[in-house]
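Enquirer: Pasting the sequence and the predicted coordinates here, then a few questions.
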Amino acid sequence: MSSGCGRRRACAGARYSEAVGPSIKVNQELWARIAKAAAAAGYSSPREFVEHVLEQAVAKLEAEQPDEEVLRRLKGLGYID
């Protein structure tokens, strides 16, 4: 089974020529698990899988944080100090 990484790519560092922003490093054991999960889920590459998982995690965290406008209104109504 292929991990989706070519010989010229540094999988553990997740550095790709098409990357525009910063890259992250993951240990080889985690990368192998990511590659296996990505293949099982039908993603075209481990990178696509990682980006999708991170987008979901960030969206969840953002949704859990109260909006500043909501906080201002609740304070104005006296519900919070």
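Expert: On my side now, so go ahead.

Enquirer: what does the average pLDDT come to for the lengthiest helix in the chain?
Expert: Counting by DSSP state H, the longest helix found in the chain is helix 46-64. Regarding helix 46-64, the rounded mean pLDDT is 92.

Enquirer: how far out from the middle of the chain is the very next helix or strand once past it?
Expert: Going down the chain from helix 46-64, the next helix or strand is helix 68-76, by DSSP states H and E. The chain centre lies 30 Å from the centre of helix 68-76; the measure is CA atoms, centre = their mean, to the nearest Å.

Enquirer: same thing with stretch 23-40?
Expert: Using CA atoms, centre = their mean, the offset of stretch 23-40 from its chain centre is 12 Å.

Enquirer: Export that stretch to CSV, keeping only CA atoms.
Expert: Provided in CSV are the C-alpha atoms of stretch 23-40 (Å, rounded to 0.1, in the frame of the first residue of the first chain):
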residue,chain,number,x,y,z
SER,A,23,4.1,23.2,7.0
ILE,A,24,4.1,21.0,10.1
LYS,A,25,6.2,18.0,11.1
VAL,A,26,4.7,14.7,12.3
ASN,A,27,6.6,11.6,13.4
GLN,A,28,6.7,8.7,11.0
GLU,A,29,4.5,6.5,13.1
LEU,A,30,1.7,9.1,13.0
TRP,A,31,2.2,9.7,9.3
ALA,A,32,1.8,6.0,8.6
ARG,A,33,-1.5,6.0,10.6
ILE,A,34,-2.7,9.2,8.8
ALA,A,35,-1.8,7.6,5.4
LYS,A,36,-3.7,4.4,6.3
ALA,A,37,-6.8,6.4,7.5
ALA,A,38,-6.7,8.6,4.4
ALA,A,39,-6.7,5.6,2.1
ALA,A,40,-9.4,3.8,4.0
